[in-house]
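> the sequence and its predicted three-dimensional model are supplied below.
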Amino acid sequence: MKIAIKIVSAILVLIGCIWLLQGINVLPGSFMTGQTRWAVRGGILIFAGIAGWVTANRKKRQAN
C-alpha cells in the first residue's frame with residue numbers, strides 16, 4: 001500500500017509542478033498559461049503530494 005501511495009504522491013507533485021509553471025507563465029503552450037487559478041491549484045497539488053509522501057514514510061508506533 002505504501003508503494004501505491006508513493007506513486008500517486010509523485011504523480012501529484014509532477015502534475016502540480018506543471019500546473020504551477022503554466023499558471024505563472026513559465027511553461028507556455030496551453031490554455032492554462034498565465035492563469036493564476038492554475039498556479040494555485042498546482043501549489044495545492046504539490047502540497048497534497050508532499051503530504052501523501054510524508055504520510056507513506058511514517059513508521060507506525062508500537063503500542064507497549
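Alright, I've got the coordinates. Numbers count the residues shown, from 1 in each chain.
> point out where the chain drops to low pLDDT.
Applying pLDDT under 70 to the chain flags the ranges 61-64.
> where along it do the helices fall?
2-23, 36-57 (DSSP state H).
> nearest to residue 30, of those helices?
helix 2-23 (5.4 Å; CB to CB). Just so you know, the C-beta spots here come from the backbone N, C-alpha and C atoms, and that holds for glycine as well.
> angle of the closest one against helix 36-57?
Angle, helix 2-23 to helix 36-57, by axes from the mean of the first three to the mean of the last three CA atoms, to 10 degrees: 160 degrees.
> that older thread, distance to residue 30 and mean neighbour count added to the helices of the chain, as CSV?
Putting the helices of the chain into CSV (distance: least, CB to CB, whole Å; neighbours: other CB atoms under 10 Å) gives the following:
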stretch, distance to residue 30, mean neighbour count
helix 2-23, 5, 16
helix 36-57, 9, 15
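> could you dump these into JSON lines with distance to residue 29 added?
Output for these, formatted as JSON lines (distance: least, CB to CB, whole Å):
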{"stretch": "helix 2-23", "distance to residue 29": "8"}
{"stretch": "helix 36-57", "distance to residue 29": "13"}
